[in-house]
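> Next input, structure requested:
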Amino acid sequence: MPSPIEDYALIGDCHTAALVSRAGSIDWLCLPRFDSGACFAALLGGPEHGRWLLTAAGEVKSSRRRYRDGTLVLETDYETADGAVTVIDCMPVRAQAPDMVRVVVCKRGQVRMKMELVIRFDYGSIIPWVRRIESGISAVAGPDHLQLITAVQLENHDFITTADFVVSAGQRENFTLIWHPSHEDVPPPIDPWWAILETDRWWRDWSSRCTYHGEWRDIVLRSLITLKALTYAPTGGIVAAPTTSLPECLGGVRNWDYRYCWLRDATFTLLSLLSTGYVEEAQAWRAWLLRSVAGRPAETQIMYGLAGERRLPELELGWLPGYEGSRPVRVGNAASTQFQLDVYGEVIDALYHAHLAGSESHADGWANARALIEFVESAWQRPDEGIWEVRGPQRHFTHSKVMAWVALDRGIKAIERNGFEGPFERWHKLRDAIHAQVCRDGFNAELGSFVQSYGSRDLDASLLMMPLVGFLPISDPRVRGTVAAIERGLLSDGFVARYIPHPSVDGLPPGEGAFLPCTFWLADNLHLLGREVEARALFQRLLGLCNDVGLISEEYDTKTGRLVGNFPQAFTHVALVNSALNLSPTPGPADTRPKS
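The predicted structure follows:
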């Protein structure tokens, strides 16, 4: 059985990533990039579906782990009756091929160690051909070739590679796993210790650029490191998470593939990077956005592949039992074909803020934005699937209309402030019309609150975005009423649900955890309302959900006290960074975004 989701740490090389459990087992790894087939898939099945265990054997008196400061280099200490060791895990910043390095360093006495390597390509479905080589073992199946290089004596039985060995004080044992396409020559071996030192240096140099030095610097920097780790370096795209099918409800069916880049995260991601000194990353994200949405505006998708790929067909992997029996296990995401009006506002808002921050302005950037706004002109009255990608009937979601307003608003401001050419009067008139319709059809006077969709009585946490994007000021009684209604109807055990799920809304059985980004949005709203003590208390409660190495997922199950959903989740870490900035003495994104 895999470890609890919150028991995992992340290592990565800005191309792909692996999850390492407290017990020293790497239970998830896709090679050579985030969305490739997994060679370790124990997270969604069991050890027989692929894992790499390296830990102290026998009775462990205590264990402790941490990242080296400002890095993605993980250290785990094991204390036994006979001595103490540290296991160092990292994925070196990639030069040629993806590598994974694990080094055992004995600090005191003698410690017996054990290793178990189960290689299973294609999400645990393919057992490779394994043979001994002078430096370790070689495993080949189809397009994939892995080599484990080590001086430790290895044994093979029942399609599993094992090792039992002893390390003494001052001794080091190295393990390097190298992947390459099976039709190509084996890459030259790396020096594991040198690779750790270089990876440590690279991450420290990157972290030193962080300009945030406020009250929550450590957790903000850890979130920024996580965002960098979830960035696909060749293109600048940022994946929502490195995993697929970690459930939103344990044992349930809400299991989605998050190894893609969502447009809904665009503005928040950009603001978090720009506000903390990472201008290069923000520019790369902006460039990825422009390339991905290039083409006919009507064909804009809600998500794309790492390089902007559009075809993300959804498949179910029937041979995997799923995390704690949560089935089906899915790869690909059918939501990529949905129509979501809100993404147009997200993209244009992001491009607007990028220009304000001094990002290089290209003529085709404005031409692209203008084409998107013109599409919104023709499509804003269509129903859609909304920000939450419901798989039920399309509706006139209030948040979607608000973001259509954002698209027009930022276009108007681009003309006013940046001197771009566009139909100012026409857009101004349409912006006012959208605003009037939302205030008329999206507000329920009896509830004193805006509602999820026109004509409904359902609440939706996405409505917390209204003052954050500048649609209405926080002082507006309708906004205050909406915040109060969400506190009454969607706040449970201190955390916010997206909405109350039922089949008529999203076409799926009910059951999911509290949605953590929305809870950060509530903290932002409380800050804007002047309820600073409550905002900080809620923010601190959210920080308490981060695991021992500062990682957090998309949702939290308040009944079991468990993190749920794909992990670690970029959207949640972005929301954490922005809330920390909002609650700081200097103005944050919630204070500086355009107002209506």
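> C-alpha only now, for contacts and for neighbours.
OK.
> What residues sit buried inside the host helix or strand of W179?
Here W179 sits within strand 172-181, counting by DSSP states H and E. Across strand 172-181, burial judged by 16 or more other CA atoms under 10 Å covers 172-180.
> With stretch 304-320 instead?
Neighbour counts over stretch 304-320 (16+ other CA under 10 Å) mark 304-308, 310, 312, 317, 320 as buried.
> For the strand or helix carrying C439, list every residue counted as buried.
Under the criterion of DSSP H and E, C439 resides in helix 424-441. Buried residues in helix 424-441, counted by 16+ other CA under 10 Å: 424, 427, 431, 434-435, 438-439, 441.
> With stretch 85-99 instead?
By neighbour count on 16+ other CA under 10 Å, the buried set for stretch 85-99 is 85-93, 97-99.
> Okay, strands next: where are they in the stretch 101-250 of the chain?
All strands of the stretch 101-250 of the chain, identified by DSSP state E, counting those that start in this stretch, fall at 129-133, 136-141, 144-149, 155-157, 160-168, 172-181, 231-232, 237-238.
> Any idea which of the ones you listed gets closest to T71?
For T71, the closest of the strands of the stretch 101-250 of the chain is strand 231-232, at 15.0 Å, according to CA to CA.
> Give the pairing partners of that closest one; include direction for each.
Sheet pairing of strand 231-232 (DSSP bridges) gives strand 237-238 (antiparallel).
> from the chain's centre, how far out does the next helix-or-strand element following the strand it pairs with sit?
As assigned by DSSP H and E, the chain's next helix or strand after strand 237-238 is strand 261-262. Centroid separation for strand 261-262 versus its chain: 9 Å, with CA atoms, centre = their mean, to the nearest Å.
> just checking, what packs against strand 261-262?
strand 303-304 (3 or more CA pairs under 8 Å, 6 or more residues apart in numbering; DSSP states H and E).
> Pull the contacting residues for the closest residue to H183 other than its chain neighbours.
Nearest non-adjacent residue to H183, counting by CA to CA, 6 or more residues apart in numbering: P143, 7.1 Å away. Going by CA atoms under 8 Å, 6 or more residues apart in numbering, P143 touches 181-183.
> Would you mind measuring from P143 to P181?
P143 sits 6 Å away from P181, taking CA to CA, to the nearest Å as the criterion.
> where exactly do the strands run in the stretch 301-450 of the chain?
Taking DSSP E, counting those that start in this stretch as the criterion, the stretch 301-450 of the chain carries its strands at 303-304, 315-316, 330-331, 443-444, 449-450.
> Which one, of those strands, ends up nearest to L356?
Closest to L356 of these is strand 303-304 (CA to CA; 24.8 Å).
> gap between the residue nearest to L581 when sequence neighbours are not counted and V347?
Leaving aside its sequence neighbours, L581 sits nearest to G588 (CA to CA, 6+ apart; 4.8 Å). G588 is 20 Å from V347, where distance means CA to CA.
> what about the two, which has more around it?
Shown here are G588 and V347; by other CA atoms under 10 Å, V347 has more neighbours (23 against 20).
> tell me the pLDDT at S504?
As predicted, S504 sits at a pLDDT of 68.
> what does the one 4 residues further on give?
Per-residue confidence for L508 comes out at a pLDDT of 70.
> so it is in which element?
L508 belongs to no helix or strand when assigned by DSSP H and E.
> What of G58?
Counting by DSSP H and E, G58 is part of no helix or strand.
> From A169, how far out is it?
Distance, G58 to A169, using CA to CA: 18 Å.
> out of the two, which sits in the busier spot?
Using other CA under 10 Å as the criterion, G58 and A169 rank with A169 on top: 15 against 12.
> list the contacts for the more buried one?
Contacts for A169 (CA under 8 Å, 6+ apart) come out as 106-110.
> And the protein, what are its domain boundaries?
5-187, 214-590 (automatic domain parsing).
> what's the closest of those domains to I196?
Of all those, domain 5-187 comes closest under CA to CA, at 6.8 Å.
> Flag every buried residue along the helix or strand that contains A284.
A284 is part of helix 279-293 when elements are defined by DSSP H and E. Across helix 279-293, burial judged by 16+ other CA under 10 Å covers 279, 281-290, 292-293.
> residues in contact with stretch 384-396?
Applying CA under 8 Å, 6+ apart, the set of residues contacting stretch 384-396 from outside is 264, 335, 338-342, 381-383, 397, 399-400, 453-454, 462, 503-508.
> Same question for stretch 276-289.
For stretch 276-289, contacts defined as CA under 8 Å, 6+ apart pick out 209-212, 235-238, 263, 269-270, 273-274, 307-308, 347, 350-351, 354, 359.
> what pLDDT, on average, does the longest helix along the chain get?
Criterion DSSP state H: the longest helix present in the chain is helix 398-418. What helix 398-418 shows for mean pLDDT is 95.
> what helices or strands is it leaning on?
Helix 398-418 packs on helix 342-356, helix 363-379, helix 424-441, helix 465-469, going by 3+ CA pairs under 8 Å, 6+ apart.
> Just put those in JSON lines and tack on distance to W202.
As requested, the helices and strands packed on helix 398-418 are exported to JSON lines (distance: least, CA to CA, whole Å):
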{"stretch": "helix 342-356", "distance to W202": "26"}
{"stretch": "helix 363-379", "distance to W202": "32"}
{"stretch": "helix 424-441", "distance to W202": "46"}
{"stretch": "helix 465-469", "distance to W202": "35"}
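> Please convert those to JSON lines, extending it with distance to S475 and mean pLDDT.
Output for these, formatted as JSON lines (distance: least, CA to CA, whole Å; pLDDT from 0 to 100):
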{"stretch": "helix 342-356", "distance to S475": "23", "mean pLDDT": "90"}
{"stretch": "helix 363-379", "distance to S475": "28", "mean pLDDT": "89"}
{"stretch": "helix 424-441", "distance to S475": "15", "mean pLDDT": "98"}
{"stretch": "helix 465-469", "distance to S475": "9", "mean pLDDT": "97"}
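> Which one, of those helices, ends up nearest to K413?
That would be helix 342-356 among the helices and strands packed on helix 398-418, by CA to CA, at 8.4 Å.
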